[in-house]
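**Q** predicted coordinates and the sequence they were generated for:
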Amino acid sequence: MSIKNKLAMSIVLAAVGLSLIVGGTSAYFTDTTPTDNRITTGSLDLGMDKETIFQIEDLVPGDTQDARFELTNDGSVDMKEIILHASYEVVDKGKPNSSDDLGNHIQVELLSEQDGEETLVFEKKLAELKSNPQQIVESFPEEDTAKNFIVRFTFTDSGENQNHFQTDQLELNWEFEAVQWGGNEEDNG
């Protein structure tokens with residue numbers, strides 16, 4: 001073997017020996033710890049104490065009728081607001097109403113009743129509520145008590161003949177929409 005080959009072989013054997021020494025001394029300890037984690041979403045659940053708030057019959061111009069209802073936060077998250085959506089259809093059973101909308105003759109007052117105090121939430125003609133959502137509660141925390149309301153309907157007397165409304169029926173649909181607050185960023189560490 002020539003000197004060149006002996007030198008090359010020595011370098012290769014030195015590299016192999018060095019790798020065995022380094023590799024043999026790189027032992028280490030390990031440990032693992034498992035964790036059980038869970039993500040649960042909250043619930044937004046608006047409760048009401050009745051399915052029908054009012055059933056008014058034989059209303060004539062000048063009459064006023066009251067009805068009471070209660071809203072509750074039955075969920076696990078705070079509500080940012082509650083919005084009332086109103087829609088209705090007039091069933092013309094008597095003389096033709098032409099373009100005279102019965103909703104323009106029904107005045108609606110919504111009052112919040114908390115701790116014996118009444119506060120006006122809004123006062124509008126029923127026709128103004130149609131397709132015009134109204135915020136009726138601002139902020140309803142999950143642990144808060146029930147919100148009590150009085151709704152007052154008045155068939156306004158125009159001072160003129162309103163005979164074309166006799167025997168008519170107004171099918172009113174109220175939908176209460178609870179809206180959550182925006183998401184929160186929390187540090188759970």
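**A** Okay, I see it. Only a predicted model underlies this, so the values are computations on that prediction, with no experimental measurement involved.
**Q** ok, now which ones touch residue 85?
**A** Counting by C-beta atoms under 8 Å, 6 or more residues apart in numbering, residue 85 touches 133, 174-177. Backbone N, C-alpha and C define where each C-beta goes, glycine included.
**Q** need the helices for the protein, in chain order.
**A** Counting by DSSP state H, the chain has helices at residues 3-24, 126-129.
**Q** ok, of these, where does mean pLDDT dip lowest?
**A** Among the helices of the chain, helix 3-24 has the lowest mean pLDDT, at a mean of 72.
**Q** which stretches of the protein aren't confidently modelled?
**A** 1, 16-27, 185-189 (pLDDT under 70).
**Q** which residues sit against stretch 117-130?
**A** So stretch 117-130 is contacted by 84, 86-88, 101-113, 134, 136, 149-150, 153, 170, 172 (C-beta under 8 Å, 6+ apart).
**Q** just checking, which of those belong to strands?
**A** Those of those mapping onto strands are 84, 86-88, 106-113, 134, 136, 149-150, 153, 170, 172, per DSSP state E.
**Q** so how do I select the buried members of the residues you listed in PyMOL?
**A** Of these, the buried ones can be selected in PyMOL as follows, counting by 16 or more other C-beta atoms under 10 Å:
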select buried, resi 84+86+88+106+107+108+109+110+111+134+136+149+153+170+172
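**Q** residues contacting residue 151?
**A** Counting by C-beta under 8 Å, 6+ apart, residue 151 touches 53-54, 66-69, 108-111.
**Q** ok, what's across the strand from it?
**A** Beta-bridge pairing for residue 151 (DSSP bridges): residue 67, residue 110.
**Q** now it: how far from residue 55?
**A** According to C-beta to C-beta, to the nearest Å, residue 151 and residue 55 sit 13 Å apart.
**Q** again, but for residue 142
**A** Distance from residue 142 to residue 55, counting by C-beta to C-beta: 32 Å.
**Q** higher neighbour count, those two?
**A** More crowded of residue 142 and residue 55, by other C-beta atoms under 10 Å: residue 142, with 15 against 7.
**Q** next, the more buried one: phi, psi?
**A** Note on residue 142: backbone dihedrals following degrees, to the nearest 10 are phi -60, psi -40.
**Q** neighbours of the nearest residue to residue 101 once chain neighbours are set aside, how many?
**A** Spatial nearest neighbour of residue 101, chain neighbours left out: residue 127 (5.4 Å); criterion: C-beta to C-beta, 6 or more residues apart in numbering. A count of neighbours around residue 127, defined by other C-beta under 10 Å, yields 17.
**Q** run through the bridge partners of residue 124.
**A** Going by DSSP bridges, residue 124 forms beta bridges with residue 108.
**Q** burial measure for it, as a count.
**A** Residue 124 has 16 neighbours, counted by other C-beta under 10 Å.
**Q** now residue 168
**A** Residue 168 has 15 neighbours, counted by other C-beta under 10 Å.
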